[in-house]
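*Asks:* quick one: sequence and predicted model below, then my questions.
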Amino acid sequence: EPEVTQTPSHQVTQMGQEVILRCVPISNHLYFYWYRQILGQKVEFLVSFYNNEISEKSEIFDDQFSVERPDGSNFTLKIRSTKLEDSAMYFCASSRTGDQPQHFGDGTRLSIL
Amino acid sequence: GESVGLHLPTLSVQEGDNSIINCAYSNSASDYFIWYKQESGKGPQFIIDIRSNMDKRQGQRVTVLLNKTVKHLSLQIAATQPGDSAVYFCAENGSSNTGKLIFGQGTTLQVKP
């Protein structure tokens, strides 16, 4: 069964540094998402992406965040200048349409020191 | 504001019994609901979804019930197995048509052998 894959599984970064989290969505999906989950808390929406542009973003997704689909298979989340509070699990998800089930990767654990 | 919540943080059941996990949602505009299972160290795994034009949907050993009058969603798991032990999240699409999902807090299901 096709799945969403994310790399790396764990990223440790110094505060203030840039970080790029990578995702390969399911190949025939057209909608892509990033969510985050702080330890022990619920999953929070960050951004949705369709047709090569952001379709919706949350308040968390400020100017330090950006997303890109650099080629036909990858979908990336960049945090320009990381803060301690960016430490969380970041999940990528994809779906065939905007109202079909989203399938999640196993996440990248981001630790900011 | 938008919120999706679960009534109980932890549910403990005996192996073989049926489990019922409840969820309350607040956004009347939501027309798509979805249940996810999250095991430790993994991303949310799709279980079952339901649209607002239905009040019940069945899958393999799982049933989702939707009561729009009281804005209540439940997940029933028949013959609960040790492998069902996980955190269960409900999610709704709110008033968004971009695929954004709003997650609840999660219920931990513990299955006792």
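*Replies:* Yep, it's here. Numbers count the residues shown, from 1 in each chain, chains lettered A, B, ... in the order given.
*Asks:* how about the residues of chain B near chain A?
*Replies:* Within chain B, the positions near chain A by C-beta under 8 Å from any C-beta of the partner chain are B:32, B:34, B:36, B:41-46, B:49, B:51, B:89, B:91, B:93, B:96-106. Quick note: C-beta positions are derived from backbone N, CA and C, even for glycine.
*Asks:* partner residues bridging B:Ala24?
*Replies:* B:Gly5, B:His72 (DSSP bridges).
*Asks:* quick check: it touching B:Lys71?
*Replies:* Yes: under the criterion of C-beta atoms under 8 Å, B:Ala24 lies in contact with B:Lys71, with a separation of 6.1 Å.
*Asks:* residue numbers of chain A in contact with chain B?
*Replies:* So chain A meets chain B at A:4, A:31, A:33, A:35, A:41-45, A:48, A:50, A:55-56, A:58, A:91, A:93, A:95, A:97-99, A:101-107 (C-beta under 8 Å from any C-beta).
*Asks:* of the residues you listed, just the buried ones, PyMOL syntax please.
*Replies:* Provided next is the PyMOL selection string for whichever of these are buried by 16 or more other C-beta atoms under 10 Å in any protein chain shown:
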select buried, chain A and resi 4+31+33+35+42+43+44+45+48+50+55+56+58+91+93+95+98+99+101+102+103+104+105+106+107
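*Asks:* is B:Ser19 in contact with B:Thr80, as I believe?
*Replies:* Yes: counting by C-beta under 8 Å, B:Ser19 does reach B:Thr80; the two are 4.7 Å apart.
*Asks:* model confidence for residue 102, exactly?
*Replies:* No chain specified, so I'll use chain A. At A:Gln102, the pLDDT value in this model is 96.
*Asks:* let me rephrase: I mean chain B.
*Replies:* 95.
*Asks:* how about B:Leu8?
*Replies:* Reported pLDDT for B:Leu8: 56.
*Asks:* again with A:Gln41
*Replies:* pLDDT, read off for A:Gln41, is 87.
*Asks:* helix, strand, or coil at the nearest residue to it once chain neighbours are set aside?
*Replies:* Nearest in space to A:Gln41, with sequence neighbours left out and distances taken as C-beta to C-beta, 6 or more residues apart in numbering or on different chains, is B:Gln105 at 7.8 Å. Assigned by DSSP: H, G, I helix; E, B strand; the rest coil, the conformation of B:Gln105 is coil.
*Asks:* got any ranges where the chain has weak pLDDT?
*Replies:* Since no chain was named, I'll use chain A. Scanning chain A for pLDDT under 70 picks out nothing.
*Asks:* looking at chain B here, not the other one
*Replies:* In chain B, residues with pLDDT under 70: B:1-8.
*Asks:* all strands of it, in order?
*Replies:* According to DSSP state E, chain B carries its strands in the segments B:4-6, B:10-14, B:19-25, B:32-38, B:45-51, B:56-58, B:62-67, B:72-77, B:86-92, B:102-103, B:107-112.
*Asks:* quick one: distance of the second one to the chain centre.
*Replies:* It stands for strand B:10-14. 15 Å (C-alpha atoms, centre = their mean, to the nearest Å).
*Asks:* that one pairs with which strands, parallel or anti?
*Replies:* Strand B:10-14 has these strand partners (DSSP bridges): strand B:107-112 (parallel).
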